[in-house]
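In: Sequence and predicted structure below; questions after.
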Amino acid sequence: MNTSQTPLILAVASTFFLAGIVKGVTGMGLPTVAMGLLGTLMPPVMAAALLILPSFITNALQLLTGPRLAALAARLWLLLLGIVVGTLAGSRWLVHGGSAWLTTGLGAALMVHAGLGLSARQMNVPRRLENRWAPLVGLTTGLITGGTGVFVIPAVPYIQALGLGKEDLVQALGLSFTVSTIALAAGLAVRGAFRLDGLGMSSLAVAPALLGMWVGGRVRLRVSEVKFRRWFLSCLWLLGLDLAARRFLVPGG
C-alpha cells in the first residue's frame, strides 16, 4: 500500500462506515452521505465511480432480506424501467460537470418533502394511479441520478407514498437503489468515467459500508413503525440540507 494514500483510505473507510449506518437505519442514504463527504476530497464523478461497488453490494443485500421481492418487482417494474432510461441519459451531466445547481434543487426538494412528512402530512398514491405515475417518477429519478449520483428524488417519496410496511419499504428501496446503481455504472462506463480495472479503492469501501449497515440494521429492529418513520424523514431532511448546501460549502462547487 502506498503510505501517501493512507489518509485518503481512512477518510473513505470512515465515510462509508457512517453512510452504512444511515442506510442500515433508514434503508437509504449511502450514496447521498458518501457523495456529500467525498465531494470535499475529489471531483463528483470520481466520488460517483467510487461508490458503485459498496452501493451495489449493500443495496443487493437490502433487497434480498425481505420476503416479497417478486411481488415488489412486479409492482414497481415501470418505475424501474424509467430509472434505467433516465440514468443512462442523465449521466452525461455528471461526467461533464454540469450538475451543481441540479444537486442544490434536489436537496431543496428533499427538505420540503421531509418537512411535510414530519408535519404529519402524509402523501398517498392510489393503487389505480401507480401505472400512470411510475414511469414519469422513474424517468425523473433516473435523470437526477445520472446527474448527481444520488438515487433519492422523487423515487423515495413515491415509494413511501405507496403505503408499504416498514420492511417492505426497506426492501422496495433496496430494489430501486440496486437498479439505479447498475444503471449509473453503465452510464459512467459508456462515457469512459468508470472502468472495471479501477475498482481497487471502491472495493476497500465495501467492508466499512457493510459493517455500518449491520450496526444501523440492529438499531432499526429495535424501533417502532412510528419512530422508524420519524428517523426516516429526519434523515431525508438532513440529507436534503447537505445536498442544498453543498454548492456553497465545497470550494469550486
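Out: Yep, that arrived.
In: so who does residue 184 touch?
Out: Contact analysis of residue 184 by C-beta atoms under 8 Å, 6 or more residues apart in numbering lists 48, 52, 87, 91, 145-146, 149, 151. Where C-beta positions appear, they are placed from N, C-alpha and C, glycine not excepted.
In: Okay, and residue 150 sits in which element?
Out: Using DSSP states H and E, residue 150 sits in no helix or strand.
In: Could I get the pLDDT score of it?
Out: Residue 150 is assigned 78 on the pLDDT scale.
In: Compare the contacts of residue 184 and tell me which is most surrounded.
Out: Neighbour counts for the contacts of residue 184, by other C-beta atoms under 10 Å, peak at residue 145, which reaches 33 neighbours.
In: Next, the buried residues of the host helix or strand of residue 92.
Out: For residue 92, the element it lies in under DSSP H and E is helix 69-95. Neighbour-count burial for helix 69-95 flags 72, 75-76, 78-95 (criterion: 16 or more other C-beta atoms under 10 Å).
In: ok, back up a step: which among the contacts of residue 184 gets closest to residue 21?
Out: residue 151 (17.8 Å; C-beta to C-beta).
In: On the three-state scheme, the spatially closest residue to the closest one that is not a sequence neighbour is what?
Out: Residue nearest to residue 151 in three dimensions, not counting chain neighbours: residue 180, with 4.1 Å by C-beta to C-beta, 6 or more residues apart in numbering. Judged by DSSP: H, G, I helix; E, B strand; the rest coil, the three-state class of residue 180 is helix.
In: Centre of the chain to stretch 230-250, how far?
Out: Centroid separation between stretch 230-250 and its chain, computed with C-alpha atoms, centre = their mean, to the nearest Å, is 13 Å.
In: going forward, begin numbering at 198 instead of 1
Out: Okay, residue one is now 198; in that scheme the one you just asked about reads as stretch 427-447.
In: List the buried residues in it.
Out: 428-430, 432-441, 443-444.
In: between these, which is closest to residue 407?
Out: Nearest member of the buried residues of stretch 427-447 to residue 407, counting by C-beta to C-beta, is residue 432, at 19.0 Å.
In: Packing partners of the helix or strand containing the closest one?
Out: If you go by DSSP H and E, residue 432 is part of helix 422-446. Judged by 3 or more C-beta pairs under 8 Å, 6 or more residues apart in numbering; DSSP states H and E, the packing partners of helix 422-446 are helix 203-223, helix 227-235, helix 297-315.
In: Turn the contacts of residue 381 into TSV, columns for distance to residue 405.
Out: Below are the contacts of residue 381 laid out as TSV (distance: C-beta to C-beta, whole Å):
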residue	distance to residue 405
245	18
249	15
284	26
288	26
342	23
343	26
346	19
348	20
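In: which of those residues lies closest to residue 320?
Out: residue 348 (19.0 Å).
In: How much space separates residue 263 from residue 403?
Out: 21 Å (C-beta to C-beta, to the nearest Å).
In: Kindly report the same for residue 202.
Out: 17 Å.
In: same thing with residue 333?
Out: From residue 333 to residue 403 the distance is 34 Å (C-beta to C-beta).
In: So the two - more neighbours on which side?
Out: Looking at residue 333 and residue 403 with other C-beta under 10 Å, you find the greater number of neighbours at residue 403, namely 18 against 15.
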